[in-house]
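Colleague: no sequence on hand, only this structure:
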């Protein structure tokens, strides 16, 4: 396995180097870096030109410039990167550090979301082939495929940011809107959960009423500006996760596993009181520490309850602990929404990846960059989730037809086990390859999205660099995205080997 | 239309007037038309038929695993419970517990990404027989019972690490894991080599004898029927046309279809002149020129990062003009590789391959083309052997076009002649391959192979994918054409009976080496080598009494050679005792 | 029997309908003890009473039955014909009285005069842009340019991808290595980035841009064709052709490529959809079509800031891009279903 990874790593590094030569070459020859100055009527034109020639080493041939760049990058091994200067003489290193952070945050989040949502939708569409849900997913996938990124981004900016900001200033939901939201929620949930007509109608009615009731209630208590979950809801969320995980892994009646989940929740509640102070005013290391503590206690609890099925019990309690933790974080975030609104009355800015010089408690700070992440992430997720759902659906349909799925059914396994244990793992194998390929596309999409949302990210670095025919920023962009793509590929390869024992040997 | 002789009370599986229709885009298809059949404990009932007879569909109704477009009528009971009205949950508890299945393809019947252990224990845990560590122990016991060596190690392995025969044993272990009352075995040995087939059949037979399990055996192979069945039911196009004991049906068939089916099966050792196939013996000229002359041929496959794999190792034999040489062997014996080398498609790594008097190893493309003009070829898979985009006439005339023989008119005339020769109507000239059936496509392949009046024909398992009655027809046409055109032929097959029917000389291959070679009578009637003896002993014949004798002879041979006869390694009482339920079944 | 494009399913009871009597070779030896009568044969009789369909005809029939694809085709034809005839193209004169370059007085705030209830065309159906140019004519011009690029790239890519894919798959060797390395390259350099750099080089005209985009778009199809060729190579009819001594080129053109037509046509269609989106994204970023020329992407880029005041300037080109991409994708889906009925949603 290690040899396999090292081999892949070697090949990837080689591709990375070759790609850099190629990109450097075509960037250098994509135009004339002095074009604007040649046409300029400035008095100090000559000086400007000289400065630029000096900054970009234009008197050297391209391969010498490439070599200089490569040597600078080579210093990264000693954590002392030197990416040179751009055409205006400013240091690229500093620009890159800021840009890389915001872009990778965006792309990683979007990839993870797209994979989770896309694969789930694909599986549901496949096992409900030819149902209304299947047709909706199919149509949505085609629609998302066909959307011009920048166009959607501009639309979202208008409706997701400007109009939302107007609304949150004095939030109220009209009765009609509440009814429509209730109906939609009911429809979506009914088609997601499926079942026969009676069950669908029941789901529709219950879900619709709950959504309608919740919205009216929120409206009455002005929840929109002062939201919170409260410990009760947190416990409910964790309980839901525990029940779902138990059901997914062993089925309803295995009490031991379920008790493990319950104990985890009790431990979580105790933890909430013990670490109360840390939670309301944390730092990142503290959060990480609390996360580690909860995982460890989950493992202990799972081990304690597990009996014959220790492994499953441990996984279920870890899952429950994570759900509890996430719900707690969400609760804290919601509690800080009000304070955040006080500091920033129009919460979602149409431009930038965070407010400059924002000051406030920890959780409002999270809100500050968090809300800026929402819209670009939605754009990127929507666009790449389409291909995941299509591929998953096709792959799943192919797998369900296989002989071993029939064998599994003939043992008397339930449909749930047949799908999750026997079909899904096989269906995921080809998808890992797609993920790797898609990542590069996502970075491309990020360039456009960042431009629309005015992020000072990698996209801007690339775009400005290319406009000035300046290889420095373009190569800095490549260094980060290329490495990220190679890493993503590695992960995909490892996932592939993990999923498919046939290539491990 | 159905004859039920025995009492059905006490039957573990009972079909009564079962009727299945599939609703398709093109209307309704009536796949099973009122079939009544039962299986008693400790009894093997063989359900026999060719493709499209509805035998598999009938059996799947008992598992309730037919696709959703199937409409089932009639009554089916498993272990006394009517399953048509059972709830989905109750049906799931029934599957595995009371009724289990063994499938045809051991290569695809096991999940490639789960270990053997996981796939064995999940049924045990599901049906509440054992869980956790105890389930693993039980799984190891089960693997040991079905005769898999080192079960504790195997349990952690994945299916791709096991051979086909071992995988089928694992499938059987899964099937018996919950001590079902009845097992449906759907063509359990069709995908296996003949020696492995004999072992698996022995294992299945011991299930019925030791565990008193009822078995519904679905097969198209009359030899397997004679070897295994207590009673036989014959299906034809959805109808049950004949039922009775194995002796009644196989020795004294009443229905025309059964008679035809039995007369289509080539019998090993029954000599020539079966099924109207006539291969003349006397026309062979011992001094005729050599069509193929192999000397110490070596063929290797190159593998990335590993030493090359030697598929053919030091093989020598000859094929004379006008002679049919049968190349026999099990999978992996290198027989097809030799065939491909004869066509110049794979280079030889060593030795010499003289084709029609010329050495083709290291020949240039142009020279090879001249040789190829004198060779014809027929492949195995009727679905893949013709270009789906070309009309049949063009498929047949393609060799003439490539070698620029004759003008359009003459080419057309030749195609008509050949269509007549393979007994196909001339109208198929402008039809496409997808419009004709498998046997007809193989006949078209034969016609294409004969287009340039070849001196040598390479036939690579030309009838293996066909039903027996279709195979009989194709072999018939083949032998007539050989009598007429007198071409030499390298006939590659795994079926000893077919080779016995056609070949003048027989070459037996094992793992790329020649085990035994010589005239047909000598090799097949009086084999000298151990491997040939095993091979011959393992081939079943469609006569119950004769097959029983052959089986006993084979067991005697195996013991003499120091091998075990495969059987379940547990006594019935001991086996059943372990199924006292230890936990409440999980409700899934 | 309305549907006769599938062989009879076994057991459907329709196998006996053939008017052809038993086939017997009169010259065959008469000593056969073995008889097969057609009633007892499981083999389907060749039904000569029905019309014969080639694979191509079957595919066409399936395609024309695909509703989504038919609607998409109609829409695409409508857009194309509109774009070409309204303002004219080359020698074709246009029927729309206004042109896309003349500014004029902005009426009614430049609002579109297109009405649906009751249907009305009006003076400025798509409204006017900031300088008073007729936005309908401008949009049609953009559509023409975008479609031209998309179809040019579609055709060039198909030729290039098919040729390289077929050679790589059949002969393997260095062509295959090059193809695989270029594919690896696309993993580390996003397509859009590469296209942007080359687009910058092309200088903003549509023809150089189309050629540059073709240079980066062929790999997907080449990989697909290579995969198909690799698997077709192992099929017995190709081996049979090789065994007869058929030349490699004849095998590729006569036996392999006709069997990959499905993949090629579907992929070409989908390429057109992705090129429409790629071109518009590049033009939006400023690396694609540049003024004075125009395209749908450039129109959106130019007028994105007027969204709050004159939303129609933003909506029309966007909707047309979406419409074209969506219909081309559906067309591709219909073609895929027609070529590969196994994956069809109407099995």
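Modeller: The structure has been received and is ready for your questions. Model, not experiment: these values are computed from the prediction. Numbers count the residues shown, from 1 in each chain, chains lettered A, B, ... in the order given.
Colleague: so, low pLDDT: which residues of the chain?
Modeller: Just so you know, I chose chain A. Within chain A, the set of residues satisfying pLDDT under 70 comprises A:1, A:250-254, A:307-308, A:353, A:504-505.
Colleague: oops, chain C please
Modeller: Applying pLDDT under 70 to chain C flags the ranges C:1-51, C:109-110, C:113-121, C:341-347.
Colleague: break it down into its structural domains.
Modeller: As recorded under automatic domain parsing, the domains making up chain C are C:1-50, C:71-339.
Colleague: nearest to chain B, out of these?
Modeller: domain C:1-50 (2.5 Å; C-beta to the nearest C-beta). To be clear about C-beta, it is placed using only N, CA and C from the backbone, and glycine gets the same treatment.
Colleague: out of the domains of chain C, which one sits most buried?
Modeller: Of all the domains of chain C, domain C:71-339 has the most neighbours on average by mean count of other C-beta atoms under 10 Å in any protein chain shown, namely a mean of 20.
Colleague: now that one: how far from the chain's centre is it?
Modeller: Distance, stretch centre to chain centre, for domain C:71-339: 9 Å (C-alpha atoms, centre = their mean, to the nearest Å).
Colleague: check the separation of the first and last residues in that domain.
Modeller: Across domain C:71-339, the terminal residues are separated by 18 Å (C-alpha to C-alpha, to the nearest Å).
Colleague: for stretch A:76-94, same thing?
Modeller: Note: stretch A:76-94 ends 14 Å apart using C-alpha to C-alpha.
Colleague: which residue lies nearest the spatial centre of the chain?
Modeller: Going with chain A. For chain A, the residue sitting closest to the mean C-alpha position, by C-alpha atoms, centre = their mean, is residue A:109 at 1.9 Å.
Colleague: wait, chain B
Modeller: Closest to where the C-alpha atoms of chain B average out (C-alpha atoms, centre = their mean) is residue B:190, at 3.6 Å.
Colleague: check for me that that one belongs to a strand.
Modeller: No: counting by DSSP: H, G, I helix; E, B strand; the rest coil, residue B:190 is not found in a strand; it is coil.
Colleague: what about it, distance to residue B:114?
Modeller: Separation of residue B:190 from residue B:114 (C-beta to C-beta, to the nearest Å): 24 Å.
Colleague: hmm, back to that, which one is the residue nearest to the centre of chain B nearest to, not counting chain neighbours?
Modeller: residue B:104 (5.3 Å; C-beta to C-beta, 6 or more residues apart in numbering or on different chains).
Colleague: SS state for that neighbour?
Modeller: Per three-state DSSP, residue B:104 ends up coil.
Colleague: return the residues in contact with it.
Modeller: B:186-188, B:190-191 (C-beta atoms under 8 Å, 6 or more residues apart in numbering or on different chains).
Colleague: reformat the domains of chain C as a markdown table; add distance to residue B:358.
Modeller: Converted to a markdown table, these look like this (distance: least, C-beta to C-beta, whole Å):
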| stretch | distance to residue B:358 |
| --- | --- |
| domain C:1-50 | 34 |
| domain C:71-339 | 14 |
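Colleague: for those domains, which one sits closest to residue A:453?
Modeller: The closest of these to residue A:453 is domain C:71-339. By C-beta to C-beta, the value is 12.1 Å.
Colleague: which parts of the stretch 301-450 of chain A sit against chain B?
Modeller: Counting by C-beta under 8 Å from any C-beta of the partner chain, the residues of the stretch 301-450 of chain A close to chain B are A:307-309, A:402-404, A:406-414, A:416-417, A:421-422, A:425-426, A:429.
Colleague: pLDDT value on the residue nearest to the centre of chain B, please?
Modeller: Note for residue B:190: predicted pLDDT of 83.
Colleague: could I get the full set of strands for chain C?
Modeller: C:115-116, C:119-120 (DSSP state E).
Colleague: which residues does the most centrally placed residue in chain C contact?
Modeller: Nearest to the geometric centre of chain C sits residue C:269, at 1.4 Å (C-alpha atoms, centre = their mean). The contact partners of residue C:269, by C-beta under 8 Å, 6+ apart, come to C:154, C:328-329, C:331-332, C:335.
Colleague: quick one: residue C:197 and residue A:23 touch, right?
Modeller: Yes: Residue C:197 lies in contact with residue A:23 (C-beta atoms under 8 Å); the separation is 7.2 Å.
Colleague: list residues touching both of those two?
Modeller: residue A:474.
Colleague: what about the nearest residue to the residue nearest to the centre of chain A once chain neighbours are set aside, distance to residue A:388?
Modeller: Leaving out its chain neighbours, the residue that sits closest to residue A:109 by C-beta to C-beta, 6+ apart is residue A:377, at 5.3 Å. Distance, residue A:377 to residue A:388, using C-beta to C-beta: 15 Å.
Colleague: before we move on, what about residue A:136?
Modeller: Distance from residue A:136 to residue A:388, by C-beta to C-beta: 16 Å.
Colleague: more crowded one of the two?
Modeller: residue A:388 (25 against 15; other C-beta atoms under 10 Å in any protein chain shown).
Colleague: now the more buried one: which helix or strand?
Modeller: Using DSSP states H and E, the element containing residue A:388 is helix A:362-400.
Colleague: which strands or helices does that helix pack on?
Modeller: helix A:92-127, helix A:132-145, helix A:149-156, helix A:310-335, helix A:337-343, helix A:424-453 (3 or more C-beta pairs under 8 Å, 6 or more residues apart in numbering or on different chains; DSSP states H and E).
Colleague: helices or strands up against the longest one?
Modeller: Using 3+ C-beta pairs under 8 Å, 6+ apart as the contact criterion, the neighbours of helix A:92-127 among helices and strands are helix A:132-145, helix A:362-400, helix A:424-453, helix A:458-467, helix A:471-499.
Colleague: and the angle from the second one to helix A:149-156?
Modeller: Taking axes from the mean of the first three to the mean of the last three C-alpha atoms, to 10 degrees, one finds that helix A:362-400 is oriented at 130 degrees with respect to helix A:149-156.
Colleague: is stretch C:321-330 positioned near chain A?
Modeller: Yes: residues of stretch C:321-330 contacting chain A under C-beta under 8 Å from any C-beta: C:321-322, C:325-326, C:328-330.
Colleague: from the stretch 251-400 of chain A, which residue is nearest to chain C?
Modeller: residue A:394 (7.1 Å).
Colleague: which residues of the stretch 151-300 of chain C lie near chain A?
Modeller: Going by C-beta under 8 Å from any C-beta, the residues of the stretch 151-300 of chain C near chain A are C:181, C:184-194, C:196-198, C:200-201, C:273, C:277, C:280-281, C:284-287, C:297, C:300.
Colleague: which of these fall in helices?
Modeller: C:181, C:184-188, C:191-194, C:196-198, C:200-201, C:273, C:277, C:280-281, C:284-285, C:297, C:300 (DSSP state H).
Colleague: buried ones in whichever strand or helix holds residue B:481, by neighbour count?
Modeller: Using DSSP H and E, residue B:481 maps to helix B:468-485. Using 16 or more other C-beta atoms under 10 Å in any protein chain shown as the test for burial, helix B:468-485 gives B:468-482.
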